[in-house]
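Novice: give me a model of this one.
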Amino acid sequence: MIGLRSLRNRLAVVFGLIVFGAIGTIYLTVTPRLEERLQDQKLQRLQSDASRYVEGSVGWAARYTPRAEQPLAEDRVEAAAIDYRLIPQSPVPSPRVAPLGLPVGMAAAVDDTLTAIAYLRTHAKNLGIDPDRVGVAGSSAGAVTSDHVAYTLDDHGIAPPHLRFAGSLWGGIFAAAPTRGADPATQVGKGEPALFAVHGDADPVVPVAMDDALVARARAEGVEVEYHRIEGGGHGYTGARFFTEAVAGSRTPFDRFLAFARRELR
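Specialist: Residues are numbered from 1 along each chain as shown. Alright, predicted model coming up:
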């Protein structure tokens, strides 16, 4: 489901569905059933909905790649991937995410993810998805986006989407907590989405301490957590051995993520 096509800068959202993270031109990577439903919609709606928040031209395209989405689709869990705007596109985030105080690239990713989730929720009935069963997940930059969408918005006066879980694959929270000097992870609070995290303890890009702090805070607040801290693991799917490391019998972090998503979306 996540970044299985080198989705280094992608995020996923799951609605009775899983959405990966984007918008600049808006791209959705979806399972076949959902693609058929999207094709039946007037796609101009996506453009008009998105342009309320995103400056510049917006286009639309749908593609499908089976490896991650298919196992979920078999359980009637739909998957969609959103390509958020990247720094080379000179994104201009909308004012709604300004309170987070994030750098432009991070803010644009959060902004675009909120737009995509809003679109899917607005058209949930026609798309045949349940707007009350949604999760987000991502890797690297996508994980950071996922973590901010799931755990920081309400701390900064931004209405968060209703989510069942967040998947943080070598991610963490960068937005400063409203309380001066507090760890950013303190923005995770009681009753917030369940957390699935994977992080290599030798990650040279995003320090494992970031997911450590996120997980510790979630547990302290009574948030459901599953964490796989990969000994000697580096950054990315290969580095963190996401598809190969045995973490529960013969099951890999990828297997565990699929099981976690299924459970949380029931």
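
Novice: show me where pLDDT drops low in the stretch 101-250 of the chain?
Specialist: Scanning the stretch 101-250 of the chain for pLDDT under 70 picks out no residues.

Novice: in it, which spans are strands?
Specialist: Under the criterion DSSP state E, counting those that start in this stretch, strands of the stretch 101-250 of the chain are mapped to 134-139, 165-169, 194-200, 225-230.

Novice: what separation is there between the spatially closest residue to residue 183 that is not a sequence neighbour and residue 238?
Specialist: Spatial nearest neighbour of residue 183, chain neighbours left out: residue 213 (5.8 Å); criterion: C-beta to C-beta, 6 or more residues apart in numbering. Yep, even glycine has a C-beta here, placed from its N, CA and C like the rest. According to C-beta to C-beta, to the nearest Å, residue 213 stands 25 Å off from residue 238.

Novice: between the two, who's got more neighbours?
Specialist: Neighbours per residue, other C-beta atoms under 10 Å: of residue 213 and residue 238, the larger number sits with residue 213, 18 against 11.

Novice: can you pull the contacts of residue 157?
Specialist: residue 99 (C-beta atoms under 8 Å, 6 or more residues apart in numbering).

Novice: look up phi and psi at it.
Specialist: Main-chain torsions, residue 157, degrees, to the nearest 10: phi 80, psi 20.

Novice: can you give me the separation between it and residue 194?
Specialist: 24 Å.

Novice: over to residue 212?
Specialist: 18 Å.

Novice: please identify which of these two sits among more neighbours.
Specialist: Per other C-beta under 10 Å, whichever of residue 212 and residue 194 has more neighbours is residue 194, with 20 against 17.

Novice: pull the contacting residues for that one.
Specialist: 164-166, 223-225, 260, 264.

Novice: make it 6 Å
Specialist: Counting by C-beta atoms under 6 Å, 6 or more residues apart in numbering, residue 194 touches 165, 224, 264.

Novice: same question for residue 226.
Specialist: 196, 260 are the contacts of residue 226 under C-beta under 6 Å, 6+ apart.

Novice: grab the nearest non-local neighbour of residue 222.
Specialist: Using C-beta to C-beta, 6+ apart, the closest residue to residue 222 is residue 190 (5.5 Å).

Novice: check the gap between that neighbour and residue 99 for me.
Specialist: Distance from residue 190 to residue 99, by C-beta to C-beta: 22 Å.

Novice: please say which of these two ends up with more neighbours.
Specialist: Between residue 190 and residue 99, residue 99 has the larger neighbour count (other C-beta under 10 Å), namely 16 against 9.
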